[in-house]
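# Next comes the sequence, and after it the predicted model I'd like to discuss.
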Amino acid sequence: MRRREFIKVIVGAAAAWPLTARAQRPKIPKVGFLYPGPSTLATTRIDAFLGGLRTAGYHVPEEAEFISRFADGDPTRLAPMAIELIGQNVDVIAAVSTAAALAVRAATAATPIVALDLETDPVATGMIASLARPGGNITGLFFDFPEFRTKLLELLKEVVPGISKIAVIWDPNSGPAQLKSIEVAAEAIKLKLEKLEVRNAAEMNQAFDTAKRAGVDAAIILSSPFIGANAKLAAELTL
């Protein structure tokens with residue numbers, strides 16, 4: 001090989017090397033994150049997810065892409081945001097709350113879903129077939145605990161002698177599972193319920209006004225992302 005031809009071969013190989021290296025570089029995984037509230041309230045959960053990625057050996061954004069969407073308390077935004085995340089070709093979606101998990105499940109039967117749902121039973125909501133054989137594409141942490149709500153009512157009867165009527169303040173966006181368990185428990189121990197729906201701060205104020213006019217003896221506030229994000233308001237209205 002002549003000297004000039006040799007130089008052309010070396011220069012050509014050097015020029016092609018970065019392209020070849022990039023072509024062989026493994027695909028960076030994408031993690032979607034769907035949260036029903038504002039971004040300011042999702043910080044701790046996002047930090048936990050990013051910490052988990054780092055523990056697994058992925059550094060964001062160099063080795064994994066984290067794509068987050070926040071519904072800012074508007075449940076109607078969850079479905080289009082779930083579709084948007086699927087359109088981003090994410091490899092997995094972390095869905096916080098019952099409503100977010102159901103929105104993502106409705107949007108895809110293929111993309112894996114990791115749910116954080118502290119309000120419902122995944123079997124009762126139809127997210128999985130059974131605990132033994134869940135099937136489908138959803139897993140995660142679920143924390144439905146109906147026995148706890150039964151004990152809560154029993155304790156109320158002990159703490160407030162002569163109690164007969166209580167207000168149940170609940171967010172319908174979290175599904176009916178908690179309310180149903182309260183209804184069953186209340187019927188068993190002869191308590192009347194004043195059921196009050198809350199989806200925003202204005203409805204929270206209205207619910208407490210209604211409870212006061214109804215002459216309830218106590219109030220129970222069921223769990224939901226909205227209520228958790230507005231715990232200070234709920235406490236102030238209770239006082």
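Everything's here; your move.
# so where is the protein shaky, pLDDT-wise?
1-26, 144-147 (pLDDT under 70).
# Would you point out which residue is most central in it?
V96 (1.2 Å; C-alpha atoms, centre = their mean).
# Let me see the contact set for that residue.
V96 is in contact with 33-36, 42, 45, 115-116, 225, counting by C-beta atoms under 8 Å, 6 or more residues apart in numbering. C-beta here means a position set from N, CA and C on the backbone, and glycine is covered the same way.
# at 6 Å instead, please
35, 116 (C-beta atoms under 6 Å, 6 or more residues apart in numbering).
# What's opposite it in the beta bridge?
L116 (DSSP bridges).
# how much space between it and D74?
15 Å (C-beta to C-beta, to the nearest Å).
# rewinding a little: how much space separates the residue nearest to the centre of the chain from V104?
10 Å.
# Same question for K157.
On the measure of C-beta to C-beta, K157 and V104 end up 40 Å apart.
# Next: P29.
The separation that P29 has from V104, given C-beta to C-beta, amounts to 17 Å.
# Which one's more surrounded, those two?
The neighbour count for P29 versus V104, taken as other C-beta atoms under 10 Å, is higher for V104 (27 against 14).
# So which residues of the chain form helices?
3-24, 43-55, 78-87, 98-107, 146-159, 177-188, 201-213, 225-229, 231-238 (DSSP state H).
# which one of those helices is the most hemmed in?
Highest mean neighbour count among the helices of the chain (mean count of other C-beta atoms under 10 Å): helix 98-107, with a mean of 24.
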